[in-house]
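Asks: one predicted model, sequence on top.
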Amino acid sequence: MSFPWAQEYTPSHPFMKWVDEKLPIPRLVYNAVGGGYEVPRNLNYMWNFGFLAGLCLIIQIVTGIVMAMHYAANTAVAFDTIEQTVRDVNWGWLMRYAHANGASAFFVVIYIHIFRGFFYGSYKAPREMVWLLGVVIFLLMMATAFMGYVLPWGQMSFWGAKVITGLFGAIPFVGEPLQQWLLGGFAPDNAALNRFFSLHYLLPFVILGVVILHIWALHIPGSSNPTGVEVKSSSDTVPFYPYFVAKDGWFIGVFAILFSIMVFYLPNTLGHPDNYIPANPMSTPAHIVPEWYFWPFYAILRAFTQDFFFIPAKLMGVLAMFGAILVWFFLPWLDKSPVRSGNYRPLYKKFFLFGLIPAMAVLFYCGGAPAEEPYVMLSQLASLYYFAHFLIIIPIVSAIEKPLPLPYSITESVLGADEGSQLRPAHGATEAVHGDAAVNGA
Amino acid sequence: MAETEGVRRRDFINIAAVSAAGVAGVGIVIPLVSQMSASADVLAASSTEVDISAIQPGQAIKAIFRKQPVFVRNLTPKEIEEANAVDASSLRDPQTLAERTKEGKENWLITMGVCTHLGCVPLGAGEGEVKGEFGGYFCPCHGSSYDTAARIRKGPAPTNLEVPEYAFTSDTVVKIG
Amino acid sequence: MARILSILVGLFFTVALAWSFGKGAYTAITEPAVPTAEHEFHEHPKALHLASDGPFGKFDKQQLQRGFQIYKEVCSACHSLSHVAFRDLGQLGYSEGQVKAIAAGFQVPGTDPNTGEANTRPGMPTDYFPKPFANDIAARAANNNAIPPDLSLMTKARHDGSAYVYSLLTGYQAQPAELLKRFPDSKTPNGLHYNPYFANLNLAMAPPLTGDGQVEYGPGNPKPTVDQMAKDVAAFLVWTAEPKLEKRNQTGLVVVLFLLFATVLGYMSYRNVWASKKH
């Protein structure tokens, strides 16, 4: 895969040579996150979040395995076992808070990672598969996080499970039996808690598998970059080791500081107090909200307050909530602009910065607010923009926009036109150095 | 010369940064390992009080200590005599009965009910159970026989049944652990 | 083709949303939301400062002991503390002997060793605080149809936990005349008690802290005014909800300081590595 100038793995120790001949894992690692992976030299800090997301997944798997050692998935004791973990198990409080806040950290990182993709057109050819696998990971993360939140069996756990499975009840004809099948009963109880625990333990490893595919698919064309211009020559790239190991490495420190402040000083800030009340199927909390990372989609769900012709409002809400994520799958084919980076797409940039970002901010805010005015009306406007942005604005903008001139190469964008210009081929020479002339030239 | 100085300083910073990452890694491993050791509630339940007033000579009870059986036996004078008749130095795990009981309370033999071979519960404490050929305890798993002082006499077990730490808080109550 | 399809789907959702928005806006204008007493008269908790606040917070053990005394002498008649064991009280500065004596002062559920019937026995340090009622039905029957909630996690189970407990305990008052004037139907029902810090303004719990000097604090302690007692029990409930708070703060300090140092080193190393590469 990779570029012709990428360094080849040469074992420095006879033992590594021996392993590499039998099972080329050292080579695999070297080519994935070592000197063998050539990366555009102009990546900005937005490109650090993929690595961080991987770190978050590891934090969640490790702390999650620990939590599972002390947890019992039974409605009679689930709440107590978590409390006992926090109070009596050595460092149990740290494991619990790291796992709960780790989920939030994972979503912060992943949202930045996704919106980086939106702005820099990372979903475009030849990286469509990377994008599709990424959306699959996001869906799996949402399922895992939702089921994990049910496990402590607090009030929000119970009512979250009831409301979210209730969404499936909105599906015509099969809704009610489907909901009963999901829960293994008429309401969330032991059957639901046990299957959620089983799946909550399983899915992270599925995510890990898809992450490996995601990285594999990325390494075929190589990383994208802030100019969106494809790599042309060896001066455009630097090897992952040591350059990006150093950059990702120190940035992990920044992440770890922020994460530690959350875990050690604000461990319950992102959680809801009601989840410290044991589940009570007889009494609903005054104000049910999911965890913060679901707020935008929860706001979209609640934005549909009126039946639309023959479609009930509830079904519209469910369709829209799932549709809001499914539409990301089609993005590579909705955005036909040959230019990737938003920096060279003046119109797209305006819609991104002054349309999509504020709309998401409003959806985040309204999803966590009670279902009252003005929050409902605000979320209706923001949801309207959200769907318009992806389904109407992007296809039209990509057709009519006149992009800004792109730099000839990554090197030129870094060193400036004068210094970098010697890299331009002589007049008349072919432009198709790396097969993306069509993309740049169109 | 100035050039190599610069290189050395840079190397030093890189090594320091990698070392700091290593320290962080060790710091993360400590709680991950220690979370598996016994939790505070388990440790708190590590002593138990047993009422021995109802145990007649020749009888034994099984109490629970740290989630394991503990045998409390009231020895008959005959059993004490049998135990003292043995030359301790000839045993696999040389101990006299006096060393295994409290002074003035030689009739109270308190031992763990856990065979020192592989951890089965020996027979002999319950009414009518086989006591083995030495009249103490008999482990059915691999045939270890203990005598009336619960010392290993025959079979694969390497040591005598363990005597836990205990104290008489009164004439009728023993605190184990 | 894909573009037309996409725009059609987009129109489907946006028109449906515009329809919902339009109807909602019309309703909002024609039928403005009716204010409710809960909305207008509910108050946010008063500020409360405890020694355990903030990143360097530590428990004031003397205060926790006073708070425990309030729990034992006042709250425990109705409220359980089911996640706390007597042995945990050692963290408040009680000696092993004192913990034993406190535990023995409580009757906990037990089993008669001869008949196997349920009975009670004096508590041991390993026991948890006993529940004042056998079950929810008994709790409901004895408390005017309201179940007194467990207090172990109270300060984490409410917004502004400790301030909420303090405000609620000191917030009982007569219903304001203005409330009755504006919402004549909202008179506090018989058997309930008006308290503006409670979400729906009327709660079943009668004022538990009735007057200054209700409990007897030992020498060297402040006077047991209602305000002081409320503060002390709020501080105690912070501890019951988060007994590891001190350890968390101390560990956090070490971790964050180390990470700051390591991150600075990492940044310098990064600058080194990239020194010769313009990017």
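Replies: Noted; the coordinates are in hand.
Asks: list the buried ones in the lowest-mean-pLDDT helix or strand in chain C?
Replies: Sorting the helices and strands of chain C by mean pLDDT, DSSP states H and E puts helix C:37-41 at the bottom, at a mean of 89. For helix C:37-41, burial by neighbour count (16 or more other CB atoms under 10 Å in any protein chain shown) applies to C:37-38, C:41. All C-beta spots, glycine's among them, are computed from the backbone N, C-alpha and C.
Asks: the closest residue to B:G155 other than its chain neighbours: neighbour count?
Replies: Nearest residue to B:G155, sequence neighbours excluded (CB to CB, 6 or more residues apart in numbering or on different chains): B:S144, at 3.3 Å. The tally of other residues near B:S144 (other CB atoms under 10 Å in any protein chain shown) stands at 24.
Asks: ditto for the one 3 residues further on
Replies: Applying the criterion other CB under 10 Å, we find 23 residues in the vicinity of B:D147.
Asks: shouldn't it be in contact with B:E133?
Replies: No - at 9.2 Å, B:D147 does not count as touching B:E133 under the criterion of CB atoms under 8 Å.
Asks: close to chain B: what parts of the stretch 1-150 of chain A are there?
Replies: Neighbours of chain B within the stretch 1-150 of chain A, by CB under 8 Å from any CB of the partner chain: A:62, A:66, A:69-70, A:84, A:87-92, A:94-95.
Asks: list the contacts of the residue nearest the centre of chain A.
Replies: Nearest to the mean C-alpha position of chain A, by CA atoms, centre = their mean, lies A:I110 at 3.4 Å. By CB atoms under 8 Å, 6 or more residues apart in numbering or on different chains, the contact list for A:I110 reads A:49, A:53, A:56, A:137-138, A:141.
Asks: before we move on, what about B:A60?
Replies: When contacts are counted by CB under 8 Å, 6+ apart, B:A60 touches B:71-74, B:124-126.
Asks: mind listing the strands for the chain?
Replies: Answering for chain A, as no chain was given. Ranges of strands in chain A, per DSSP state E, are A:38-40, A:237-239.
Asks: I was after chain C.
Replies: According to DSSP E, the strands that chain C contains are C:107-111, C:118-122, C:193-194, C:202-203.
Asks: with respect to chain B, which of the ones you listed lies nearest?
Replies: strand C:118-122 (11.8 Å; CB to the nearest CB).
Asks: so what touches that closest one?
Replies: By CB under 8 Å, 6+ apart, strand C:118-122 touches C:103-112.
Asks: got those as a markdown table, with pLDDT and distance to chain A columns?
Replies: Shown next, in a markdown table, are the contacts of strand C:118-122 (pLDDT from 0 to 100; distance: CB to the nearest CB, whole Å):
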| residue | pLDDT | distance to chain A |
| --- | --- | --- |
| C:A103 | 95 | 17 |
| C:A104 | 94 | 22 |
| C:G105 | 94 | 22 |
| C:F106 | 95 | 19 |
| C:Q107 | 94 | 22 |
| C:V108 | 94 | 17 |
| C:P109 | 93 | 16 |
| C:G110 | 89 | 20 |
| C:T111 | 87 | 20 |
| C:D112 | 83 | 25 |
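Asks: what about the closest residue to A:Q180 other than its chain neighbours, how many neighbours?
Replies: Leaving aside its chain neighbours, A:Q180 sits nearest to A:F186 (6.6 Å; criterion: CB to CB, 6+ apart). Using other CB under 10 Å, A:F186 has 9 neighbouring residues.
Asks: gap between the residue nearest to B:M36 when sequence neighbours are not counted and A:L55?
Replies: In space, and not counting its chain neighbours, B:M36 is closest to A:M69: 7.0 Å by CB to CB, 6+ apart. Distance, A:M69 to A:L55, using CB to CB, to the nearest Å: 22 Å.
Asks: which one's more surrounded, those two?
Replies: A:L55 (19 against 13).
Asks: OK, contacts around the residue lying closest to that one once chain neighbours are set aside?
Replies: Spatial nearest neighbour of A:L55, excluding adjacent residues (CB to CB, 6+ apart): A:I252 at 6.3 Å. With contact set as CB under 8 Å, 6+ apart, A:I252 has these partners: A:51-52, A:55, C:266.
Asks: least trustworthy helix or strand in chain A by mean pLDDT?
Replies: helix A:437-441 (a mean of 40).
Asks: so B:V72: helix, strand or coil?
Replies: Counting by DSSP: H, G, I helix; E, B strand; the rest coil, the backbone at B:V72 sits in strand.
Asks: number of nearby residues for it?
Replies: B:V72: 23 neighbours (other CB under 10 Å).
Asks: which bits of the stretch 101-250 of chain A sit near chain C?
Replies: A:238, A:242-243, A:246-247, A:249-250.
Asks: likewise chain B?
Replies: Near chain C, when you scan chain B using CB under 8 Å from any CB, you find B:10, B:13-14, B:16-18, B:20-21, B:23-24, B:27, B:40-41, B:44-45, B:51.
Asks: how about 7 Å then?
Replies: Neighbours of chain C within chain B, by CB under 7 Å from any CB of the partner chain: B:10, B:13-14, B:16-17, B:20-21, B:24, B:44-45.
Asks: most neighbours, which of those residues?
Replies: B:A17 (25 neighbours).
Asks: residue contacts, that residue?
Replies: For B:A17, the contact set (CB atoms under 7 Å, 6 or more residues apart in numbering or on different chains) comprises C:265-266, C:269.
Asks: quick one on the thing from earlier: if I read this right, the residue nearest to B:G155 contacts B:P156, doesn't it?
Replies: Yes - here B:S144 reaches B:P156: they are 6.0 Å apart, a contact under CB atoms under 7 Å.
Asks: count of residues packed around C:L203?
Replies: Neighbour count of C:L203, defined by other CB under 10 Å: 18.
Asks: quick check: bridge partners of it?
Replies: C:H193 (DSSP bridges).
Asks: distance of it relative to B:P164?
Replies: 52 Å.
Asks: picking up where we left off before, which among the contacts of B:A17 end up buried?
Replies: C:265-266, C:269.
Asks: kindly reformat the residues you listed as a markdown table containing distance to A:A32 and pLDDT.
Replies: Formatted as a markdown table, those follow (distance: CB to CB, whole Å; pLDDT from 0 to 100):
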| residue | distance to A:A32 | pLDDT |
| --- | --- | --- |
| C:L265 | 26 | 96 |
| C:G266 | 21 | 96 |
| C:S269 | 22 | 95 |
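Asks: doesn't A:S413 make contact with A:S235?
Replies: No - with contact defined as CB under 7 Å, A:S235 does not count as touching A:S413 (11.7 Å).
Asks: so which of the two has more stuff around it?
Replies: The neighbour comparison of A:S235 against A:S413 (other CB under 10 Å) goes to A:S413, with 21 against 17.
Asks: give me the neighbour count for the residue lying closest to that one once chain neighbours are set aside.
Replies: Counting by CB to CB, 6+ apart, A:S413 lies nearest to A:P407, which is 3.9 Å off, once chain neighbours are set aside. Here the number of neighbours of A:P407 (other CB under 10 Å) works out to 19.
Asks: how near is A:P407 to B:Q56?
Replies: Distance, A:P407 to B:Q56, using CB to CB: 98 Å.
Asks: cool, and C:F21?
Replies: 87 Å.
Asks: the more surrounded of the two?
Replies: C:F21 (21 against 7).
Asks: name the residues of stretch C:14-34 that come out as buried.
Replies: Result for stretch C:14-34 [16+ other CB under 10 Å]: buried residues C:14, C:16-17, C:19-21, C:24.
Asks: and these near chain B, which?
Replies: Of the buried residues of stretch C:14-34, not one also sits near chain B (CB under 7 Å from any CB).
Asks: output the residues of the stretch 1-150 of chain A next to chain B as TSV; include the columns distance to C:P189 and pLDDT.
Replies: TSV is the format used below for these (distance: CB to CB, whole Å; pLDDT from 0 to 100):
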residue	distance to C:P189	pLDDT
A:V62	53	98
A:V66	49	97
A:M69	49	97
A:H70	44	97
A:Q84	39	96
A:R87	39	97
A:D88	42	96
A:V89	45	97
A:N90	49	97
A:W91	48	97
A:G92	44	97
A:L94	46	98
A:M95	46	98
